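Student: When you get a sec, could you give me coordinates for this:
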Amino acid sequence: MKKAIKLFKFYYDTDGLNKDEEPVNMEPAISETASGVTYLTRNKKTGERGCLVLLNMEYLKEGDYTTILDIVSHEASHVVDAIYQIIREQSGTYDSGNEPHAYLTGWVAGCIGDYLTKYFKDINECKEV
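Tutor: Alright, predicted model coming up:
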């Protein structure tokens, strides 16, 4: 978490993020009872806006794909909602053929999934040594 705090500013809402109004008492963390949390961020060097997803690895056990998919899709949904708010765009409805929203959700979930794949691979390689 210390590395993330060095790299990013954290925000409670998209309005604060867009105005670059960093809250005074913002201390990003993940509670023991949460499986994941999504934070709005701004890169301290570049000013780029984004989201940081923190996962409680106690909830994510390799092979428990139901839980993994549940948590990843949940956090991906928060990221996509934030992106749509940041760019001030409506996501549409099912009847309107909400494909951009669906593709973005898939892409975000895929990014989180790529991280988890590498994480579990590293854990397994350490166990084999």
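
Student: Please count neighbours and contacts with C-alpha atoms only from this point.
Tutor: Noted.

Student: how near is the closest residue to residue 79 other than its chain neighbours to residue 62?
Tutor: Of all residues not flanking residue 79 in the chain, residue 51 sits nearest, at 6.3 Å (C-alpha to C-alpha, 6 or more residues apart in numbering). Here residue 51 is placed at a distance of 24 Å from residue 62 (C-alpha to C-alpha, to the nearest Å).

Student: any idea whether the residue positioned nearest the centre of the chain is helix, strand or coil?
Tutor: Central residue of the chain (C-alpha atoms, centre = their mean): residue 53, 2.7 Å from the mean position. Here residue 53 is recorded as strand under DSSP: H, G, I helix; E, B strand; the rest coil.

Student: quick one, which of residue 51 and residue 62 is more surrounded?
Tutor: Taking neighbours as other C-alpha atoms under 10 Å, residue 51 and residue 62 compare with residue 51 leading, 20 against 16.

Student: list the contacts for that one?
Tutor: By C-alpha atoms under 8 Å, 6 or more residues apart in numbering, the residues touching residue 51 are 38-41, 79, 82.
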